[in-house]
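[1] Let me see the structure of the following:
(3 chains)
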Amino acid sequence: MKHDLAAGELDFLNGDEAVAFGAKLCRPQVIPVYPITPQTLVVEKIAEFVAHKIMTCEYIHVESEHSAMCAAMGASMVGARVFTATSSQGLAYMHEMLHYVSGSRFPVVMMNANRTLAAPWNIFADQRDSIAQRDTGWIQVYVENGQEALDMIIQAYAIAEDERVYTPVMVNLDGYVVTHTYELVHIPDQALVDEFLPPFRSQNAIDFAHPRSFCITAPTDWNMEFRLQQQQAMERSKQVIAEVDKKFGAKFGRYYGGLVEEYKVADAEVVLIAMGSVIGTARLVIDQWRNRGQKVGLVKLRFLRPFPKEYFQELSGRVKAIGIIDRDISFGYEGALASEIKSALASTGKCPPVINFIAGIAGRDITKEHIAEMLAKLFDRRAGKAEKDLQFIGLRWPNG
Amino acid sequence: MVKVKELPDREFLYGHKACPGCGLGTIGRLALKILGEKTIVALPASCMSTVTTQYPQMNYTVPSFTMAFAGTGAVLSGLSAGLKAQGITDAYVLGIAGDGGTADIGLQALSGAVERGDDFIYICYDNEAYMNTGVQRSSLTPLGASTTNSPAGPASWGESRPKKNLFEIMIAHRIPYAATASSAYPFDFMNKMAKTKIIKGPKFIQVMCPCPTGWGFASHLTVEIGKLAVETGLWYLAEYENGKVKMNLVPKTFKPVEDYLKKQRRFRHLTEEQIKLIQEHRDKEWQTIRERWL
Amino acid sequence: MGKPKIVKFKFPESLAELPLGPSAEAGMLTEPNAGWRVQRPVLDHTKCSRCLLCWVLCPEGVIDKEQEILEIDLNFCKGCGLCAQECPKGAITMVQEGEENET
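    Numbers count the residues shown, from 1 in each chain, chains lettered A, B, ... in the order given. Take a look at the predicted model:
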């Protein structure tokens, strides 16, 4: 098996494998992980690395995802660097432990393969699973492709373990679209990663010389202050995210823009906003429309938490119409991204017209035609034509 | 054999808020005297966690933490792996969970951890109900006990299901070491704790912990009640080691179950018929024990 | 003595003084449990054989065996009466709090 990682190399990997290589490079010490489609290739690749002595770590075959996060908490509590991965039902199963880990301020890094939540049951991509966890106090980043996935695993540790942050990080990959798609991925040199990411020396771990009680009961007259701490750490992480992106770019030659990446937004009148793999498709359509002289742009929202409120407040004055693509919906209202972005836009008092497009649910492809349809609707709306605020795109029967 | 005079005077669990007379204080104190100060204690939701971690008062002098109810076994695996990964070999990883946190909501995590053979010590302190939340039944609540969500009344005689056999569940995992014990037999408990120090892999001790508040008896009778449980055959002291079961104490004849039952408020409602059912259940269980282990 | 003592805890006075995450110093005692008691144990050391059964059994660990005569930390004794009940020599008696008695 070709794994000469001494010099850094190009390899043909799927997104899951890219994550496995990313994890390998970060030298995690404990990996408690439970298999669930479409994350299984991560689990298997890492197990293969361990069996072939390419990785040295304690690999725990936990019996459930809830136990995976329990074990992750235990290992982090004694100062080990921890990696785990899950998806969909597994992410939901470990929900209470997500709160435990973030509230206890343990810098665990977890990959999540975005997959829809049952019922109805389906293994394909949407972002309902991780978006449903956005209040759990985890930093959340959404990647566009395998290269970004590998790179963000490394950056995730740098962000999480920063003493200004100490907040766990979830790296999201669209199920199958990214996890199982093969691309050329550059695997950075291990020595360079070691320089970028030194061994973990926890400031929040058990020390027998100075014994402490962890995850204590914080009574009513103290609890809110711990929550304020968490909120402030999340706010501080915005700066750390930007710093880490710059440092990573300088070291490895790839910059991602931090919280948000703009694509041809500078003079755009109409923009689309989205997270994850659909950005790759949308770039092509934006280019096509630009070639026809249309002033369109694309905002890649990378981090859902911490939410780049300031960016959207500033965007609200610059563009004339905004389309928000949600690969989720909060039943009884609208897509979660739409709610979050609109609230930031509206806080400025000058919010342009917004259409929320629900698309790509449970693996339904978001095609170039769908993106074009969204842009057309946005131009219609901008021209004063009636277009609903909330629209499902790509339905079998578009008229319901 | 543990020699009391050689045990440290030092207390590793002190000043806690457990009910007067509760066995968990005895269990926690003695366990840590045996294991020493390089022990990490995982405490899932239970009386034990609630009475020992009320900020700023922390009653364990060793590192401890409150844990999600369902995950004690799993967090012990994580602690153990984390220590191993860093080459720390002289610390103990101890979970102290209640009967509900072990046999009900915590069973999956315990089973997984034992099956994996991870290195830890697990004490299930068994007060036979969810005492911390107000005496609700668990799968370890014995036949006929009245609890707040299986109360005795015209439609019910209290807990209608027999006590789940956790000891046998652990044996079925071929665990390196499992034992049953009681806070009323502290020397037996300490000898068992001493074994957990030297055996590698998962070790499990289920310690009956009579509860004055939940069972309904005066606080000074904890040991008497605990002894009666064993003397009437409704609890036994045993060990599973090297693939074999050893019964530590088998009374030649059992006292009638009534001697035990009538001393506790939770059984006060039982009729003669129902007491007979409990006695018959005891006899049946012991028939199986004699066939298999004696 | 091997038992933690009550200390006057210094609460954090600003957010900056809160620990990183909800943790607290182990072995921190800030208040006695003595107020729980209705009765307290009185040891007649002339009857005591130092079998140490009371020391083993006490759920609170308030019995101290470091000196020749066993001592009881009344700051943390809850008066459960287990020691008196189980002492094989009957060396411990429970007396009502508030009553005059000889030690």
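[2] For chain C, list the residues in contact with chain B, please.
    Residues of chain C lying near chain B by C-beta under 8 Å from any C-beta of the partner chain: C:1-4, C:6, C:9, C:11, C:24-33, C:36, C:52, C:55-61, C:64-66, C:76, C:78-82, C:84-86, C:94. Quick note: C-beta positions are derived from backbone N, CA and C, even for glycine.
[3] Residue in chain A with the shortest distance to chain B?
    A:G74 (2.7 Å; C-beta to the nearest C-beta).
[4] Please tell me I have it right and that residue contacts B:A42.
    Yes: using C-beta atoms under 8 Å, A:G74 is in contact with B:A42, at 7.4 Å.
[5] ok, how many other residues are close to the residue of the stretch 51-200 of chain A at minimum distance from chain C?
    Closest contact between the stretch 51-200 of chain A and chain C, by C-beta to the nearest C-beta, is at A:R105 (3.4 Å). When neighbours are defined as other C-beta atoms under 10 Å in any protein chain shown, A:R105 has 25 of them.
[6] give me every residue that touches it.
    The neighbourhood of A:R105, defined by C-beta atoms under 8 Å, 6 or more residues apart in numbering or on different chains, consists of A:166-167, A:204, A:230, A:233, C:20-21.
[7] Now it: closest residue in space, sequence neighbours ignored.
    C:G21 (3.4 Å; C-beta to C-beta, 6 or more residues apart in numbering or on different chains).
[8] what stretches of chain C score poorly on pLDDT?
    Where chain C drops to pLDDT under 70, the residues are C:1, C:99-103.
[9] Tell me where it has strands.
    C:24-25, C:39-43, C:63-64, C:71-72, C:92-96 (DSSP state E).
[10] same check, this time on the stretch 51-200 of chain B
    B:53-54, B:57-58, B:64-67, B:92-98, B:120-126, B:152-153, B:156-157, B:177-182 (DSSP state E, counting those that start in this stretch).
[11] Can you select the buried ones from the contacts of A:R105 in ChimeraX?
    Buried residues within those, by 16 or more other C-beta atoms under 10 Å in any protein chain shown, are selected in ChimeraX with:
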select /A:166,167,204,230,233 /C:21
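[12] Pick out the most distant pair among the contacts of A:R105.
    A:N204 and A:Q230 (12.8 Å; C-beta to C-beta).
[13] coming back round to it: what's near enough to touch the residue nearest to A:R105?
    Residues near C:G21 by C-beta under 8 Å, 6+ apart: A:103-106, A:166, A:204, A:214, A:226, A:229.
[14] Quick one: neighbours of B:Q287, just the number.
    10.
[15] and it, that one's in a helix?
    Yes: applying DSSP: H, G, I helix; E, B strand; the rest coil, one finds B:Q287 inside a helix.
[16] State the distance spanning the first to the last residue of stretch B:13-27.
    Length of stretch B:13-27, first residue to last, C-alpha to C-alpha, to the nearest Å: 10 Å.
[17] List the buried residues of it.
    Neighbour count says stretch B:13-27 has B:13-27 buried, by 16+ other C-beta under 10 Å.
[18] How many neighbouring residues does residue 25 have?
    No chain in the question, so chain A it is. Around A:L25 there are 24 residues (other C-beta under 10 Å).
[19] My question was about chain C, not that one.
    15.
[20] what sits against it?
    Contacts of C:E25 by C-beta under 8 Å, 6+ apart are A:210-213, B:56, B:58.
[21] what mean pLDDT does stretch A:116-135 have?
    The pLDDT scores in stretch A:116-135 average 98.
[22] Would it count as contacting chain B?
    No: applying C-beta under 8 Å from any C-beta, one finds stretch A:116-135 separated from chain B by no less than 15.8 Å.
[23] Between the two ends of that stretch, how far is it?
    Span of stretch A:116-135 from end to end, C-alpha to C-alpha: 18 Å.
[24] Contacts for it next, please.
    Taking C-beta under 8 Å, 6+ apart as the rule, stretch A:116-135 contacts A:37-38, A:87-89, A:91-92, A:95, A:98, A:112, A:114-115, A:140, A:142, A:170, A:172, A:174-177, A:275-277, A:304-305, A:326-329, A:336-337, A:360-364.
[25] Buried residues, it. List them.
    Going by neighbour count (16+ other C-beta under 10 Å), the buried part of stretch A:116-135 is A:116-117, A:122-133.
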